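>>> Quick one, fold the following:
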Amino acid sequence: MLTDTTGIRHLAGRMRERAQEIRAEAARVRRRADEVPWQGRSAEAMRRQVAVRLATLAATADLHDDAADALLRHARAVDATAAVVGGAVTAAAHEIGSLL
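As a prediction, the model looks like this:
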């Protein structure tokens, strides 16, 4: 039985990279919003909206990290199952060989 979890692990890495990119973009947006010299009620409303969007971006980044963790758990489970199946196949082959 051949299993290759490389692709799963690669996807997990891409999900982590995307989470980092999302966080970096959120930090950039936060800096840009903080640099706006605009004052007044409209400015405060804009900043509240930015804060909501930043919270959403943070949650999205966290979900990407959660997905990466789940993919890595899955890859480990596939590897462990493959090892058990491989061991069973090897044992069966030896058993059959001893009967011949």
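>>> ok, which stretches of this structure are helices?
6-35, 41-99 (DSSP state H).
>>> Can I get those helices in CSV including mean pLDDT?
Output for the helices of the chain, formatted as CSV (pLDDT from 0 to 100):
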stretch, mean pLDDT
helix 6-35, 97
helix 41-99, 93
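>>> As a markdown table, these with mean neighbour count would be great.
The way it works is simple: take the backbone N, C-alpha and C, and place the C-beta from them, glycine included. Shown next, in a markdown table, are the helices of the chain (neighbours: other Cβ atoms under 10 Å):
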| stretch | mean neighbour count |
| --- | --- |
| helix 6-35 | 14 |
| helix 41-99 | 13 |
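>>> list the contacts for the residue positioned nearest the centre of the chain?
Nearest to the mean C-alpha position of the chain, by Cα atoms, centre = their mean, lies Ala68 at 2.3 Å. Contact partners of Ala68, counting by Cβ atoms under 8 Å, 6 or more residues apart in numbering, are 12-13, 15-16, 19.
>>> how far away is it from Gly40?
42 Å (Cβ to Cβ, to the nearest Å).
>>> and what of Ala24?
Taking Cβ to Cβ, one finds Ala24 at 30 Å from Gly40.
>>> roughly how far apart are the residue nearest to the centre of the chain and Val89?
Between Ala68 and Val89 the distance is 31 Å, computed by Cβ to Cβ.
>>> Kindly report the same for Glu95.
Taking Cβ to Cβ, one finds Glu95 at 11 Å from Val89.
>>> what do you get for Gly40?
Distance from Gly40 to Val89, by Cβ to Cβ: 73 Å.
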